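Student: Prediction below, plus the sequence it came from.
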Amino acid sequence: MKTEENSWNLNLLSVNAWTSSNSASVKLQNYTNINSDLLRSNIIGTSGHCIGSSGIDLTGPSLTVSKGNKLAYGFITRSRTVASFWNLDGRLLSEIGEIIKVSQEYPYQLDRTMDMRTNIVSFSELAFMGAFEVLNSGKHRLIGGVTLKYINGISHTSIETNQLTGEIKLNRDDVAYLTNSTGFVKTRTAGELFDRFTVGNFFKLGKASLGMNVGFTYTYGKPYKLRLGVSLTDLGFIRYKADKNYSKSYDVHIASNQGLYFNNNFANSSFSRTTKVFEKYPDLFTKKSSSDSIYRIGLPTTFGVQADYQLNNNWNIESMLGIGMHTINNSDNIYYFSVIKVIPKWIKRNISISIPFSVQKYTGVYAGARFAYKGIFIGSNSVISSIIESRQIDMHLGIELLSH
């Protein structure tokens, strides 16, 4: 955004997609061979317990208008679908999702101490932003900004287990089943997008909510040599109305002479409709409650600090710290991983090339690349690391129009 004269910036569309976990194993070839098995095999894995996040973020169209260096305003349209998972048992999910049987050792014992959480949220936003000059004393300048958001809750689903234990065994027909199992499972679902992905379900109006971003930016020099920023983004929550048919809780009691056969029973049940399985076997799952109430899911509130230092006309270094203010093991909130980034950038006329280096909670250290020409950009935060191995696969791209 230009601030020395009247200008505008139109973001036609930008897309940011990612999936990562502490147990992921991603190679460069996965970028050209993304399929339905990637999440199960490369991100969650088939053994151990997984902590991770996935999502897709669509922004645009959005418009920002600057009036000199005193005022800027605009609107933003945005849609996000974010999934987070905590302590997922990779072996259990592998057995449920297998189409072709993979050789494993049996029996396998579920760990009672590892409570599992999976949370998927989809919502859209219409936001209005304003930025204004707070202080201008020669080389020192302070700008404040606020963004107010109208939020539409499109769809949500979550599954929680508590104190779940049991054994996974294999019968003579090579079909895996869960037996000698006890524990508690709770499901919660709102909206129909995750069961039937249609344009109508994506744009369907749900419960309305409000959100907000606030921040300040300090710059030194004319033109600026150093820029520092601090922000608090995604304040607020999303409201949903629970679907009583798929928002239920159950006690699990599968005796040693009983079994829940994975491949036979889960084949026709989507993630947001798993109560179909539980209701089918009342001798294995006792319903404890159901709900059709309105509930809240907290936005992924993040505290951020940004810095940008201009080395010369062609080089600058950007850095940022993002701290997620929620915990990933709480299904009542959306969670973004905390991260530190350092981004050297080379700029020449209309071309820029940058190499982001990141340290992210749960997924470690990785490096990526980004290329931009005029208003077109494409990049990844982890593609360079994927040449050897990475715990994340991601990509962002977009196109924007500038007045200058």
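Tutor: Received the coordinates, thanks. Numbers count the residues shown, from 1 in each chain.
Student: now the lengthiest helix in the chain: mean pLDDT?
Tutor: Ordering each helix of the chain by length in residues (DSSP state H) puts helix 90-97 first. Mean per-residue pLDDT for helix 90-97: 82.
Student: low pLDDT regions in the stretch 201-350 of the chain?
Tutor: 263-269 (pLDDT under 70).
Student: pretty sure Arg296 is touching Gly236, no?
Tutor: No - with contact defined as C-beta atoms under 8 Å, Arg296 does not count as touching Gly236 (9.4 Å). Where you see a C-beta, it was placed from the backbone N, CA and C, and this is true even at glycine.
Student: list the residues that contact both of these two?
Tutor: Ser209 (C-beta atoms under 8 Å, 6 or more residues apart in numbering).
Student: What residues of stretch 116-133 count as buried?
Tutor: Using 16 or more other C-beta atoms under 10 Å as the test for burial, stretch 116-133 gives 116-125, 127, 129, 131.
Student: brain fart, stretch 316-323
Tutor: 316, 318-320, 322.
Student: any chance you could map the helices in the stretch 151-300 of the chain?
Tutor: Along the stretch 151-300 of the chain, the segments classed as helices by DSSP state H, counting those that start in this stretch run 199-202, 262-265, 275-280.
Student: Tabulate those helices (JSON lines), appending distance to Ala72 and mean neighbour count.
Tutor: What follows is the helices of the stretch 151-300 of the chain, written out as JSON lines (distance: least, C-beta to C-beta, whole Å; neighbours: other C-beta atoms under 10 Å):
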{"stretch": "helix 199-202", "distance to Ala72": "30", "mean neighbour count": "12"}
{"stretch": "helix 262-265", "distance to Ala72": "55", "mean neighbour count": "16"}
{"stretch": "helix 275-280", "distance to Ala72": "48", "mean neighbour count": "17"}
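Student: what's the closest of those helices to Ala24?
Tutor: helix 262-265 (23.1 Å; C-beta to C-beta).
Student: From Leu164, how far out is the nearest residue to Thr286 once chain neighbours are set aside?
Tutor: Leaving aside its sequence neighbours, Thr286 sits nearest to Asp251 (C-beta to C-beta, 6 or more residues apart in numbering; 4.5 Å). To Leu164, Asp251 is 11 Å away according to C-beta to C-beta, to the nearest Å.
Student: Touching both of these two, which residues are there?
Tutor: Shared contacts of Asp251 and Leu164, counting by C-beta under 8 Å, 6+ apart, come down to 182-184.
Student: Can you list which of those residues are found in strands?
Tutor: 182-184 (DSSP state E).
Student: and these, which are buried?
Tutor: Buried among those (16+ other C-beta under 10 Å): Gly183.
Student: Just put the ones in strands among the shared contacts of Asp251 and Leu164 in TSV and tack on distance to Tyr366 and pLDDT.
Tutor: Below are these laid out as TSV (distance: C-beta to C-beta, whole Å; pLDDT from 0 to 100):
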residue	distance to Tyr366	pLDDT
Thr182	40	97
Gly183	36	97
Phe184	37	97
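Student: still on that earlier bit, now for the longest helix of the chain, which elements pack on it?
Tutor: With contacts taken as 3 or more C-beta pairs under 8 Å, 6 or more residues apart in numbering; DSSP states H and E, helix 90-97 sits against strand 140-170.
Student: Number of residues surrounding the residue nearest to Lys207 when sequence neighbours are not counted?
Tutor: Leaving aside its sequence neighbours, Lys207 sits nearest to Arg239 (C-beta to C-beta, 6+ apart; 3.7 Å). By the criterion of other C-beta atoms under 10 Å, Arg239 has 19 neighbours.
Student: do the same with Ala372
Tutor: 18.
Student: can you tell me which residues contact it?
Tutor: 351-353, 378-379.
Student: which residues pair with it across the strands?
Tutor: Ser352, Phe377 (DSSP bridges).
Student: go on, His49?
Tutor: Beta-bridge partners recorded for His49 (DSSP bridges): Asp89.
Student: was I right about it contacting Leu92?
Tutor: No - with contact defined as C-beta under 8 Å, His49 does not count as touching Leu92 (9.7 Å).
Student: doesn't Leu58 make contact with Arg80?
Tutor: Yes - between Arg80 and Leu58 there is a contact under C-beta under 8 Å: 7.5 Å.
Student: Just want to know which of these two has more residues nearby.
Tutor: Arg80 (21 against 16).
Student: Now the more buried one: closest residue in space, sequence neighbours ignored.
Tutor: Asp57 (5.0 Å).
Student: follow-up on the earlier one: distance to Val383 for the helices of the stretch 151-300 of the chain - can I get that in TSV?
Tutor: Shown next, in TSV, are the helices of the stretch 151-300 of the chain (distance: least, C-beta to C-beta, whole Å):
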stretch	distance to Val383
helix 199-202	29
helix 262-265	35
helix 275-280	39
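Student: Go through those helices and name the closest to Ser386.
Tutor: Taking those one by one with C-beta to C-beta, helix 199-202 is closest: 30.2 Å.
Student: Give me the helices and strands touching the closest one, please.
Tutor: Using 3+ C-beta pairs under 8 Å, 6+ apart, helix 199-202 sits against strand 140-170.
Student: Need the nearest residue in space to the residue lying farthest from the centre of the chain, chain neighbours excluded.
Tutor: For the chain, the C-alpha farthest from the mean C-alpha position belongs to Gly138; by C-alpha atoms, centre = their mean, that distance is 41.4 Å. Leaving aside its chain neighbours, Gly138 sits nearest to Lys222 (7.8 Å; criterion: C-beta to C-beta, 6+ apart).
Student: I'd say the one you found and Ser137 touch.
Tutor: No - between Lys222 and Ser137 there is no contact under C-beta under 8 Å: 11.4 Å.
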